[in-house]
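Colleague: Pasted the sequence and its predicted model underneath.
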Amino acid sequence: MTGGLNRISRRVVSMRSLARLAAGTAVALVFVSSAGGARAQGTVLPLPPADQQKLAEHLGAGVVGAALPSERISEASAYFPLNEKTFVFQVTSGSNTGNTQKLVLKKARRPGGTVSWRFNFTPSLAGFISPTAGGDLIMPAVSDVDEGVIVVSTPANPFVLTGLKPGESRSFRQKVSVNYLDDPTKRDWGGRLNAIYTYVGTYNVTVPAGPFKAILIRFAYRGKVGPADVVYTARYFFARDVGLVAMVNLEDVSAFWIYHNDTTIGKVLAVK
């Protein structure tokens, strides 16, 4: 009788052990499956050496960190929310290094209820940003009030494009008109540019406002406007639900388009 009870007890223990083993195996399989799914969701794109050099030069060492998994841009406005706001940036390169700038994103109403947006890349340099029916954010014109000039690009510059995949580039050719605001109907300078817009990847970005997971967009231009041969690259870091957190961009449109001076300046977000 005792032997029979012992055999039954051993069977119960054995069955419990198998049950625990099966449960553990199931959990492990779920974990592996989830990890594999997470890896499959994004592509990690190392920062190209040329970008790394320019970003370190203009933003400072340690601002751009490790590459992270990148996702398709499912909604452009998520990376540059169109809400009226004042951004506070710290200048990291150029003659104003160490200064702070308050850069405003502001809405302007148009006849018929159309809404237009203006973002100040510098206190005097503003880009006009419009959402498209397809969900993109485009920038058809840039004005420099210090120099009294407006630059109109046809087709408009892409700012953030919905549907773009990590590592994907879009090439386009633009007609550019440069007009002085004291006689805006007269085109003072004109030309054509070949441009390449690239979603470089996603990276850890650490700025005074904090650490961010940010996508890097690169604009590369080449062509001729008026007397100037144009070869220029701009870089923007966008964080989801925040907007621009770091940039290497033009400081003076008039100087760039007409006199071909090197006016590239780096800036990082100082206050979230």
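Modeller: Nice, I can see it.
Colleague: hey, let's count contacts and neighbours off CA atoms from now on
Modeller: Will do.
Colleague: Does anything pack onto the helix or strand where Leu55 lies? Which helices or strands?
Modeller: In the assignment (DSSP states H and E), Leu55 maps to helix 49-59. Helix 49-59 is packed against strand 243-250, strand 264-271, with contacts defined by 3 or more Cα pairs under 8 Å, 6 or more residues apart in numbering; DSSP states H and E.
Colleague: try it again with 7 Å
Modeller: If you count contacts as 3 or more Cα pairs under 7 Å, 6 or more residues apart in numbering; DSSP states H and E, helix 49-59 packs onto strand 264-271.
Colleague: so what strands line up beside the strand it packs on?
Modeller: Strand pairing for strand 264-271, using DSSP bridges, gives strand 85-91 (antiparallel), strand 243-250 (antiparallel).
Colleague: Are we agreed that Pro69 is in a helix?
Modeller: No - read with DSSP: H, G, I helix; E, B strand; the rest coil, Pro69 is strand and lies in no helix.
Colleague: Adjust the sequence numbering to begin at 35 for everything that follows.
Modeller: Sounds good: first residue 35 from here, last item Pro103.
Colleague: For it, which residues are in contact?
Modeller: Gly76, Thr77, Val78, Thr236 (Cα atoms under 7 Å, 6 or more residues apart in numbering).
Colleague: ok and the helix holding Leu89 relative to strand 298-305, angle-wise?
Modeller: Calculated by axes from the mean of the first three to the mean of the last three Cα atoms, to 10 degrees, helix 83-93 forms an angle of 70 degrees with strand 298-305.
Colleague: one step back: now rank the contacts of Pro103 by neighbours and give me the top one.
Modeller: Thr236 (29 neighbours; other Cα atoms under 10 Å).
Colleague: Surely it is in contact with Ala248?
Modeller: Yes - proximity of Thr236 to Ala248 meets the contact threshold set by Cα atoms under 7 Å, at 5.5 Å.
Colleague: Okay, strands next: where are they in the stretch 85-234 of the chain?
Modeller: 98-104, 119-125, 134-143, 149-154, 159-165, 171-178, 183-194, 203-214, 223-241 (DSSP state E, counting those that start in this stretch).
Colleague: From the chain's centroid, how far away is the second one?
Modeller: What that stands for is strand 119-125. Its chain's C-alpha centre and that of strand 119-125 lie 16 Å apart, by Cα atoms, centre = their mean, to the nearest Å.
Colleague: Can you give me the buried ones in it?
Modeller: Buried residues in strand 119-125, counted by 16 or more other Cα atoms under 10 Å: Phe121, Val122, Phe123, Gln124, Val125.
Colleague: and the nearest residue to the third one once chain neighbours are set aside, how many neighbours?
Modeller: If I follow you right, that is Phe123. Counting by Cα to Cα, 6 or more residues apart in numbering, Phe123 lies nearest to Leu303, which is 4.4 Å off, once chain neighbours are set aside. Around Leu303 there are 22 other residues, counting by other Cα under 10 Å.
Colleague: wait, doesn't Leu303 sit right on Thr126?
Modeller: No - using Cα under 7 Å, Leu303 makes no contact with Thr126, being 10.4 Å away.
Colleague: Mind pulling the model confidence for Ala57?
Modeller: Looking at Ala57, its pLDDT reads 39.
Colleague: what's the answer for the one 5 residues further on, then?
Modeller: Per-residue pLDDT puts Ala62 at 33.
Colleague: Domain-wise, how is this protein divided?
Modeller: Domains of the chain are assigned by automatic domain parsing as 35-75, 77-305.
Colleague: just these: most buried one?
Modeller: Stretch with highest mean neighbour count among the domains of the chain: domain 77-305 (a mean of 18; mean count of other Cα atoms under 10 Å).
Colleague: can you give me the end-to-end distance of that domain?
Modeller: Terminal residues of domain 77-305 lie 30 Å apart, using Cα to Cα, to the nearest Å.
Colleague: chain center to it, what's the gap?
Modeller: On the basis of Cα atoms, centre = their mean, domain 77-305 sits 9 Å off its chain's mean C-alpha point.
Colleague: pLDDT of that domain, averaged?
Modeller: Mean pLDDT, domain 77-305: 91.
Colleague: Gly224 reaches Val212, doesn't it?
Modeller: Yes - using Cα under 7 Å, Gly224 is in contact with Val212, at 5.9 Å.
Colleague: Contacts only, for Gly277.
Modeller: With Cα under 7 Å, 6+ apart, Gly277 has these contacts: Tyr113, Phe114, Pro115.
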